[in-house]
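# here you go, sequence then predicted model.
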Amino acid sequence: MAVQRAKREGWQIVSTDRIRERLFGDEAIQGWWFQIWAEAEQQLRAIAQTPDGKALYDATNTRRRDRRKFIALARSWGFDPIEAYWLDVPLAVCLERNQRRDRQVPISVICKMHRQLRGGLPGLEEGFDRLVRYRFPFPYL
């Protein structure tokens, strides 16, 4: 959804999966986070310096402290407003869909990310100007 909107609005997309694919040859290879983040940061800073300066940061961001840190950095680079799109999908559905994927994520990783997200659900108090929560099922998608 967010990617579709980004394309429609002409936003540039910075995707941690695409960065992993470029750096390591496969988006499934988690690699060293600091190397991935350095590339994402470089791309976002470059976008912020363009006349339009609109970007979509496509990443999971399950932990509140990471989201807050990112929002502060994005604001310091000049991004405004900052919106978040949260796809609220039950764990059982995530696990079932994962089984149908060519590139499966380990169950332990999905469960860990689910726990992290449930431990700090996204909220406007983190600094978002707008938070759009899409609850499963998504009849409009």
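Cool, got the structure.

# what segments of this protein are strands?
Along the chain, the segments classed as strands by DSSP state E run 12-15, 55-58, 83-88, 130-135.

# which of those strands is buried the deepest?
The densest packing among the strands of the chain, expressed as mean neighbour count by mean count of other Cβ atoms under 10 Å, is seen in strand 55-58 with a mean of 20. Where you see a C-beta, it was placed from the backbone N, CA and C, and this is true even at glycine.

# what strands line up against it, and which way round?
Strand 55-58 sits in its sheet next to strand 12-15 (parallel), going by DSSP bridges.

# ok so, going back, need the strands of the chain in a markdown table (columns: distance to residue 23 and mean pLDDT).
As requested, those are exported to a markdown table (distance: least, Cβ to Cβ, whole Å; pLDDT from 0 to 100):
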| stretch | distance to residue 23 | mean pLDDT |
| --- | --- | --- |
| strand 12-15 | 12 | 94 |
| strand 55-58 | 16 | 94 |
| strand 83-88 | 25 | 92 |
| strand 130-135 | 30 | 93 |
